[in-house]
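Colleague: let's see this in three dimensions:
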Amino acid sequence: MPNKEEDNQKYIAQQILGQQLQQIEQQIASVDMQIIELISLKDSLIELTKVKSKKIYTPLGAGVFIESELKKVDDVLVNVGAGIVVKKDANSAAELISSQVEELKKIKDQIQKEFDELVSSLR
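Modeller: Next up is the predicted model:
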């Protein structure tokens with residue numbers, strides 16, 4: 001018959017694993033949101049390349065927008081990291097976004113694998 005100390009250790013170990021599972025679930029949800037945002041961005045970018053001229057509302061900040069006119073979208077500015085922005089044609093930017101989505105999907109798969117391994121260890 002296991003003693004009380006062993007029971008406490010098992011209980012604590014299960015609590016820690018439960019917390020780890022919750023953290024991993026949050027990571028998966030965060031990656032899912034990033035994927036959704038990038039796919040939406042790519043779709044919007046592709047649609048904007050078809051526009052010749054359109055009135056839009058541009059955010060200034062703090063919930064304030066200004067009416068502006070969008071003319072043809074051939075080039076966009078893309079943040080490539082470390083605060084560096086480069087000009088890319090819209091198709092290249094869309095391809096870059098697609099590669100980011102694929103990379104995030106790989107990361108999600110790795111996180112999901114870790115989650116599944118933790119669940120298996122609870123059984």
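
Colleague: rest of the way, CA atoms for contacts and neighbours
Modeller: Fine.

Colleague: now do the contacts for the spatially most central residue of the chain.
Modeller: Centroid check for the chain by CA atoms, centre = their mean gives Gln34 as the closest residue, at 1.6 Å. Contact partners of Gln34, counting by CA atoms under 8 Å, 6 or more residues apart in numbering, are Leu104.

Colleague: how about the helices of this structure, start to end?
Modeller: Shown for the chain, the helices assigned by DSSP state H span residues 4-49, 90-122.

Colleague: of all those helices, which lies closest to Pro59?
Modeller: helix 4-49 (16.0 Å; CA to CA).

Colleague: quick check: mean pLDDT of that closest one?
Modeller: When the per-residue pLDDT values of helix 4-49 are averaged, the result is 92.

Colleague: got the angle between that helix and helix 90-122?
Modeller: For helix 4-49 against helix 90-122, the angle by axes from the mean of the first three to the mean of the last three CA atoms, to 10 degrees is 160 degrees.

Colleague: how far off centre is helix 4-49?
Modeller: 11 Å (CA atoms, centre = their mean, to the nearest Å).

Colleague: how many residues are close by Gln100?
Modeller: Counted with other CA atoms under 10 Å, residues neighbouring Gln100 total 16.
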